[in-house]
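> coords please:
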Amino acid sequence: MSTHDARPGGRTAVAISVSDRSSDGRREDESGRRLVAALRALGFVVDDAPVLIPDGIDTVAGAIREAVTAGHRLVVTTGGTGIGPRDLTPEGTRQVITRENPGLAELMRREGARHTPYAAASRGVVGVVDWSAEQGVGGTLVVNLPGRPSAVDEDMAVLGPLLGHLLDQVAGGDH
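From the prediction side, this is the model:
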């Protein structure tokens, strides 16, 4: 039985906060805290604190792989989506996802632009990691959010109403 099925409530998610400064204690992880709260408000079982990792392709890819291996159907990252030299969350995510969904990423950027023009600078991706035969039918939806705390709130408000349908589709449900 996967972690997805074994936990109370049945809908589990992993929040991953990607930040050099937060992971080494120089800054409080406000975005990760907000992401955990947003996921819980949507009915997901999620750990009290996000997985906190430094920026980097390998750290992001490793954290996503770990969540997928554990059987989680939803992984949401915050941070590392800009154009700075250490903003490598999309590159790490692309190493793991099987299929990309550019429409969802564009929807979040478009809606974010209603709040700030900086939303256009996000390079975040959305995609699916198809599960291996050992894990069963379906896969894991992976979503990259910017690291700005208000962007987490804004993007989760856009994504929230779609998640039931998206996760049903990833699990092999009908249209």
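> Let me see the ranges of the helices in this protein.
In the chain, the segments counted as helices under DSSP state H are 3-6, 20-23, 30-41, 57-69, 89-94, 102-112, 149-170.
> Go ahead and flag the most central residue of the chain.
For the chain, the residue nearest the mean C-alpha position is Val76 (1.4 Å; C-alpha atoms, centre = their mean).
> Enumerate every residue touching that residue.
For Val76, the contact set (C-beta atoms under 8 Å, 6 or more residues apart in numbering) comprises 13-16, 35, 39, 142-145, 156. The way it works is simple: take the backbone N, C-alpha and C, and place the C-beta from them, glycine included.
> out of these, which are inside strands?
If you go by DSSP state E, the contacts of Val76 have 13-16, 142-145 in strands.
> Please tabulate the helices of the chain in JSON lines, including the columns mean pLDDT.
Output for the helices of the chain, formatted as JSON lines (pLDDT from 0 to 100):
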{"stretch": "helix 3-6", "mean pLDDT": "36"}
{"stretch": "helix 20-23", "mean pLDDT": "79"}
{"stretch": "helix 30-41", "mean pLDDT": "97"}
{"stretch": "helix 57-69", "mean pLDDT": "97"}
{"stretch": "helix 89-94", "mean pLDDT": "98"}
{"stretch": "helix 102-112", "mean pLDDT": "97"}
{"stretch": "helix 149-170", "mean pLDDT": "96"}
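> winner for burial among these?
Highest mean neighbour count among the helices of the chain (mean count of other C-beta atoms under 10 Å): helix 89-94, with a mean of 23.
> and that one, what other elements does it pack with?
Here helix 89-94 touches helix 57-69, strand 139-145, going by 3 or more C-beta pairs under 8 Å, 6 or more residues apart in numbering; DSSP states H and E.
> quick one on the thing from earlier: for Val128, find the nearest of the helices of the chain.
The closest approach between Val128 and any of these, judged by C-beta to C-beta, belongs to helix 149-170 at 5.5 Å.
> helices or strands up against that closest one?
Counting contacts by 3+ C-beta pairs under 8 Å, 6+ apart, helix 149-170 is packed against helix 30-41, strand 74-78, helix 102-112, strand 139-145.
> Tell me how many other residues surround Arg123.
Per other C-beta atoms under 10 Å, the neighbour tally for Arg123 reads 17.
> who touches Pro117 in this structure?
Per C-beta under 8 Å, 6+ apart, neighbours of Pro117: none.
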